[in-house]
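>>> turn this into a model:
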Amino acid sequence: MGLILKILIYLYLCAGVLSIHQMPWLPCQFTDENVFVNSEGLTETQLIHREAMLQFGQRGDAPVNPHAITFLVTGSKLDLRRYVEGVEAEQLECELRRYSTEGIHVRWPVQASQQEYNRWFSCTLKHSKGLFTITGFLRHPSDQPPTGQQDYRSWPAIRDREILTTSVAMVIKTESPSVKAGLSSKQKLHCQFALDHKGPNITVEWYWQYRGERTRLFSHTSRTGQTQGTGVGLKSLAGGDASYTIPFTKMSSEGTYICSVLVNPLFASLDINLRIEEPPRVSVNVGSALSLQDGGEQKVVCEAESYYPLDVEIVWYEQDPAASGQRVGAPLPKVLQNILLSSHKHNQDKTYSLSAFFYLRASLRDSGRQFTCSVSHQSLRVPIKKSFILTVEGERRESSRTVVL
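The predicted structure follows:
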């Protein structure tokens, strides 16, 4: 990061935490591409990371950082900042790239008459905590026509301090780039889009992809009105809401969902990853109190049922009766060793079950001990715990207690 940029960020931070809507600029990484044929005759792409600024303003504004490439975003119907309102600038990750139309030339409806052509760039904004992903397409008017289908081989060079005056032509956003869902739940996968003009021919599609398999779920073309599949409301779609609804999640719902919008010559898509996470149902085969005769034996089983994905941890603890009710200075519960585990049971609905058990031999000196089964799984914020208190009855004075396998 350049010294000037560091100074600018420092000054803004000193002024207080600002949302992106209040900031006239945003530091970005411009990932440039150098496409060439190597010595073996194969095409290679070299990625070049360059310092850039996304600056909001008017044509002719001076660059905030004169040492970086400036993408000056001037006014249009679309304002990228509106899609990230309330978000602090430091929570955003910004990447700019060139966008190839693969030789397709379509005169953009809001094109200035004196400049027939465009150079296109994509700007991707991601929340640092994964709350959303936004892709905007920046249009830079030009009097030079595309060089052909492989226009990426001869892109015009961009100087380190160049100012590119652009406007936002199209935006696509999802507020659910990663979704965790339980079984039998209803899920809405968010996808919205907007353009800087009315009446375009738009094709919206949804695909599902998992382990190399790809299936089209929905398709709609505005000009012909042709629709295939379900899951997207056509009335909502007319207003730019292309969200897809899964009415009832199953194990087979897991995968990557792809929302795509085509408005020639632009094609935008966003990936939404949906993972099934089903929490375990935990039970112990004894009640909250277990009464045994001195020397008696009981098989104690803790079962975790119907969870997904596979990994689960079951731990048995015991707590000394003298520590019951102590809040300060109480010894930590002791982990029981040599617990036996059943094999994983694969249920019909593709969830799993597992049990952990031991044999408890009762001893008078252990009367009042608390035993706890703790089950941890990635679907749980905190472990599920089930406990019981052992009561031992009898007249034997000398006895011992062991956990026998």
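>>> SS state for the closest residue to residue 28 other than its chain neighbours?
Leaving aside its sequence neighbours, residue 28 sits nearest to residue 94 (Cβ to Cβ, 6 or more residues apart in numbering; 3.8 Å). Glycine gets a C-beta too; all of them are placed from N, C-alpha and C. Secondary structure state of residue 94, per DSSP: H, G, I helix; E, B strand; the rest coil, is strand.
>>> is it true that residue 94 touches residue 26?
Yes. Judged on Cβ atoms under 8 Å, residue 94 makes contact with residue 26 at a distance of 5.4 Å.
>>> quickly list what's touching both of the two.
Residues touching both residue 94 and residue 26 (Cβ atoms under 8 Å, 6 or more residues apart in numbering): residue 54.
>>> tell me the contacts of the residue nearest to residue 28?
26, 27, 28, 29, 54, 123, 124, 125.
>>> let's have the residues you listed in CSV, adding neighbour count, distance to residue 388 and secondary structure.
Listed next are these as CSV, based on neighbours: other Cβ atoms under 10 Å; distance: Cβ to Cβ, whole Å; DSSP: H, G, I helix; E, B strand; the rest coil:
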residue, neighbour count, distance to residue 388, secondary structure
26, 22, 57, strand
27, 21, 58, strand
28, 23, 58, strand
29, 14, 57, strand
54, 27, 60, strand
123, 25, 59, strand
124, 16, 54, strand
125, 24, 53, strand
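>>> hmm, which two among those residues are most spread apart?
Greatest spacing in the contacts of residue 94, by Cβ to Cβ: 27 and 124 (14.0 Å).
>>> what is the least confident helix or strand in the protein?
One helix or strand of the chain scores below all others by mean pLDDT, DSSP states H and E: helix 3-14, with a mean of 47.
>>> continuing past the strand or helix carrying residue 51, what's the next helix or strand?
Assigned by DSSP states H and E, residue 51 belongs to strand 43-56. Downstream of strand 43-56, the next assigned helix or strand under DSSP H and E is strand 69-74.
>>> all the helices of the stretch 201-350 of the chain, residue numbers only.
234-238 (DSSP state H, counting those that start in this stretch).
>>> what about it, any weak spots by pLDDT?
322-330 (pLDDT under 70).
>>> one more time with 80
For the stretch 201-350 of the chain, the stretches with pLDDT under 80 are 321-331.
>>> tell me which stretches of it form strands.
Taking DSSP state E, counting those that start in this stretch as the criterion, the stretch 201-350 of the chain carries its strands at 203-210, 213-221, 227-229, 244-246, 255-263, 266-276, 281-284, 289-293, 297-307, 313-319, 334-335, 340-341, 345-346.
>>> counting contacts, what elements does the fourth one pack onto?
Judged by 3 or more Cβ pairs under 8 Å, 6 or more residues apart in numbering; DSSP states H and E, the packing partners of strand 244-246 are strand 187-189.
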